[in-house]
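S.K.: Generate a structure from the sequence data that follows.
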Amino acid sequence: MLSYELTGVYLNEFRDIPRAIVEALDGRIGRYPRMEEGGPTWVGIWGDSNMPEISSYWHSMLTGRNPDDPTEPKPNKWAVFTQPPAMLRASGNEYVVNPAAENLRFLPPTTTQPY
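M.R.: Residues are numbered from 1 along each chain as shown. Down below sits the predicted model:
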C-alpha cells in the first residue's frame, strides 16, 4: 500500500480487516487527485460489516473509545449507521421477527413467520 494514491476506500466486512491495514489505508487517502490538480472534494473510508467483537479494535473505534485502552474515550469523526436485526431472541432458542427490521414488506409472507 505504500505507493497507493487514493481518494477513498471501501471495506467490505471490515471487522475481519486488521488494524494495521486500516491505518495504512488511512495514511494513503486524500492523495488523488493531487492538490496541484485541485485535490479531492471528499476523502474517507467507508464500509459494511456485522458488528465486531466487543474487545476488538473495530468496536473501540465504532464506539469512540481508544483502541489501545477501551476504558478511555477517544472521539473520532466516524459516522456509524446500525441496521436493526431481522430477528430477535424470544426465549431459549426461539426467535421472532423484529418489527423494526427494514424491508419486511419486500419479503414473502412465509419469511416473516416466527421460527
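
S.K.: which helices and strands does the lengthiest helix in the chain pack with?
M.R.: The residue-count maximum for a helix in the chain (DSSP state H) belongs to helix 19-26. Contact here means 3 or more Cβ pairs under 8 Å, 6 or more residues apart in numbering; DSSP states H and E; on that basis helix 19-26 packs against strand 8-12, strand 44-48. Bear in mind the C-beta positions are built from the backbone N, C-alpha and C, glycine included.

S.K.: end to end, how far does stretch 37-46 reach?
M.R.: Chord length of stretch 37-46, first to last residue, is 24 Å (Cα to Cα, to the nearest Å).

S.K.: Could you list the buried residues of it?
M.R.: residue 40 (16 or more other Cβ atoms under 10 Å).

S.K.: Just give me how far it sits from the chain centre.
M.R.: Distance of stretch 37-46 from its chain centroid, counting by Cα atoms, centre = their mean, to the nearest Å, is 19 Å.

S.K.: likewise stretch 60-77?
M.R.: Distance of stretch 60-77 from the chain centroid (Cα atoms, centre = their mean) equals 15 Å.

S.K.: cool, and stretch 48-56?
M.R.: Put simply, stretch 48-56 sits 8 Å off its chain's centre (Cα atoms, centre = their mean).

S.K.: What are the contacting residues of that stretch?
M.R.: 11-16, 58-59, 62, 70, 82 (Cβ atoms under 8 Å, 6 or more residues apart in numbering).

S.K.: Among those residues, which ones are in helices?
M.R.: If you go by DSSP H, the contacts of stretch 48-56 have 58-59, 62 in helices.

S.K.: so the spatially most central residue of the chain bridges to which residues?
M.R.: Nearest to the geometric centre of the chain sits residue 48, at 4.5 Å (Cα atoms, centre = their mean). Under DSSP bridges, the beta-bridge partners of residue 48 are residue 12.
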